[in-house]
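[1] one predicted model, sequence on top.
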Amino acid sequence: DTAVSQTPKYLVTQMGNDKSIKCEQNLGHDTMYWYKQDSKKFLKIMFSYNNKELIINETVPNRFSPKSPDKAHLNLHINSLELGDSAVYFCASSQGSGGAGEQFFGPGTRLTVL
Amino acid sequence: AQSVAQPEDQVNVAEGNPLTVKCTYSVSGNPYLFWYVQYPNRGLQFLLKYITGDNLVKGSYGFEAEFNKSQTSFHLKKPSALVSDSALYFCAVRDGGSSYKLIFGSGTRLLVRP
């Protein structure tokens, strides 16, 4: 199936741990994104890569570091996890310049920090 | 600053009746406007977009939206609601300063009762 996939779907961990979330898209898109959705369902962009180049880097703690090994993959590594990091993290991808292309979202990773 | 507002946290409608979910925006330059839907425990799904052209845009699942430049609005509509339309709906606008950054509204929960 063509889609945006994320692993893991659920992640439960202790404060202070380091964890990674992986994202892959097989849509042939050139741009990928990470979003955070909080408990009130508010959705905020964190990072975006276009052809492996970082193009959006919002005000996010340095503990969050994205990595794009190729156009089809965008991973998110989080160091020293805190309670406030608990949220659902969505990966998305799009194609086309100028922001006209719609974004396709993955199923989300629910991170719970205890 | 770019922004998008969804003034209603929840919209209730009876099955078979028309529905409207409201969205207003504020951007510099020409807006690119999007509607997404999120079903429980799922990622966002693209419904429709306005880039240019006809002010009435038709999208997936029988939804449409009307772009109104003078009122800076992009309301989502459907002539006859289905119970299966019950979900969380997000309006989004492209940030005029960044081609790839989408600013999302706070979301409107649509509840269609049988």
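    Done, it's in.
[2] need the residues of chain A near chain B, please.
    Chain A comes close to chain B at residues A:4, A:31, A:33, A:40-45, A:48, A:50, A:55-56, A:90, A:92, A:94, A:97-100, A:102-108, as judged by C-beta under 8 Å from any C-beta of the partner chain. Where you see a C-beta, it was placed from the backbone N, CA and C, and this is true even at glycine.
[3] show me which of those residues are buried.
    By neighbour count, with 16 or more other C-beta atoms under 10 Å in any protein chain shown, those hold A:4, A:31, A:33, A:43, A:45, A:48, A:50, A:56, A:90, A:92, A:94, A:99, A:102-108 as buried.
[4] which ones among the residues you listed map onto strands?
    Cross-referencing these with the strands (criterion: DSSP state E) gives A:4, A:31, A:33, A:43, A:45, A:48, A:50, A:56, A:90, A:92, A:94, A:104-105 as the overlap.
[5] tell me the one of those residues nearest chain B?
    residue A:105 (3.5 Å; C-beta to the nearest C-beta).
[6] quick one, what contacts the closest residue to residue A:49 other than its chain neighbours?
    For residue A:49, ignoring the flanking residues on the chain, the nearest one in space by C-beta to C-beta, 6 or more residues apart in numbering or on different chains is residue A:68 at 4.3 Å. Counting by C-beta atoms under 8 Å, 6 or more residues apart in numbering or on different chains, residue A:68 makes contact with A:32, A:49, A:52, A:54, A:74, A:75.
[7] neighbour count and distance to residue A:114 added to the residues you listed, as JSON lines?
    Rendered in JSON lines, the data for the contacts of residue A:68 read as follows (neighbours: other C-beta atoms under 10 Å in any protein chain shown; distance: C-beta to C-beta, whole Å):
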{"residue": "A:32", "neighbour count": "29", "distance to residue A:114": "29"}
{"residue": "A:49", "neighbour count": "23", "distance to residue A:114": "30"}
{"residue": "A:52", "neighbour count": "14", "distance to residue A:114": "34"}
{"residue": "A:54", "neighbour count": "12", "distance to residue A:114": "31"}
{"residue": "A:74", "neighbour count": "28", "distance to residue A:114": "26"}
{"residue": "A:75", "neighbour count": "19", "distance to residue A:114": "23"}
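[8] save these as CSV, and put in distance to residue B:101 and pLDDT too.
    As requested, the contacts of residue A:68 are arranged in CSV below (distance: C-beta to C-beta, whole Å; pLDDT from 0 to 100):
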residue, distance to residue B:101, pLDDT
A:32, 13, 94
A:49, 13, 91
A:52, 18, 83
A:54, 13, 90
A:74, 16, 96
A:75, 20, 96
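[9] read off the pLDDT value for the residue nearest the centre of chain A.
    Taking C-alpha atoms, centre = their mean, the centroid of chain A lies closest to residue A:34, which sits 2.9 Å from it. Per-residue confidence for residue A:34 comes out at a pLDDT of 96.
[10] next one: the one 10 residues further on
    In the predicted model, residue A:44 carries a pLDDT score of 93.
[11] likewise for residue B:13?
    98.
[12] now do the one 4 residues further on
    Note on residue B:17: pLDDT of 98.
[13] residue of chain B nearest chain A, please.
    Nearest residue of chain B to chain A, counting by C-beta to the nearest C-beta: residue B:43, 3.5 Å away.
[14] test my guess that that residue contacts residue A:109.
    No. Counting by C-beta atoms under 8 Å, residue B:43 does not reach residue A:109; the two are 10.3 Å apart.
[15] quick one: common contacting residues for the two?
    By the contact definition C-beta under 8 Å, 6+ apart, residue B:43 and residue A:109 are jointly contacted by residue A:90.
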